[in-house]
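Novice: Kindly return the folded structure for what I paste below:
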Amino acid sequence: MGSSASLNPDPPSQEFVADPELASEVEKLSEPCAPRVEGILFRQGQQPDAVYLVKSGEVVLAMESDRKMIVCVRAGPGSLLGLPAAVGNRPYSLTAVLCGGAEVWEIAATEFISLIAKKPALSIRVLQLLAAEIRLARRAYFELIA
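Specialist: Residues are numbered from 1 along each chain as shown. Next up, the predicted model:
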């Protein structure tokens, strides 16, 4: 999957980019993420343990079905990844892989949920990001069936 990133000429998606206030609050409680095997942040189907903030570089997000990649999108600086899984307490629906020297910070999913519970104004910003991800998923779906 890592080679797919170089084949995708599209710019990073803006649907994952958090507004500055939300990103700042997440950053205060997060820590640098140590690279995992093959740069994988999380895998599709894995239970959510964290939400990730892309500080620099890019992360490729992909969905696979029957061992074929059906969705591939890139997320750049300011992106918050893993929100649907953390907020919904459901498995990640995508696999996220670091590109090159991307710098990513992480906050535990439980700590993220606690943050938005303590600061309800952030909930609206999270909802806006989730809505943007739904729009992205619908576009991808319609492109797939077209």
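
Novice: what about the closest residue to residue 58 other than its chain neighbours, distance to residue 40?
Specialist: Nearest residue to residue 58, sequence neighbours excluded (Cβ to Cβ, 6 or more residues apart in numbering): residue 99, at 4.4 Å. (C-beta placed from N, C-alpha, C; glycine too.) Residue 99 is 12 Å from residue 40, where distance means Cβ to Cβ, to the nearest Å.

Novice: which of the two has more neighbours?
Specialist: Per other Cβ atoms under 10 Å, whichever of residue 99 and residue 40 has more neighbours is residue 99, with 18 against 15.

Novice: unless I'm mixing things up, that one is touching residue 75, no?
Specialist: No. Counting by Cβ atoms under 8 Å, residue 99 sits too far from residue 75 to count as a contact (9.7 Å).

Novice: In the chain, what helix or strand scores lowest on average pLDDT?
Specialist: Across the helices and strands of the chain, mean pLDDT, DSSP states H and E gives its lowest value to helix 2-7, namely a mean of 40.

Novice: Count residues in the vicinity of the closest residue to residue 109 other than its chain neighbours, would you?
Specialist: Take residue 109 and drop its neighbours on the chain: the residue closest to it by Cβ to Cβ, 6+ apart is residue 86, 4.0 Å away. Number of residues near residue 86 (other Cβ under 10 Å) recorded here: 25.

Novice: re the thing from before, any common contacting residues for residue 99 and residue 75?
Specialist: With contacts defined as Cβ atoms under 8 Å, 6 or more residues apart in numbering, the residues shared by residue 99 and residue 75 are 58, 59, 60.

Novice: what's the helix or strand harbouring the last one packed up against?
Specialist: In this case it means residue 60. Applying DSSP states H and E as the criterion places residue 60 in strand 50-65. Contacts defined by 3 or more Cβ pairs under 8 Å, 6 or more residues apart in numbering; DSSP states H and E place strand 50-65 against helix 2-7, helix 20-29, strand 40-42, strand 68-75, strand 80-81, helix 83-88, strand 95-108, helix 109-118.
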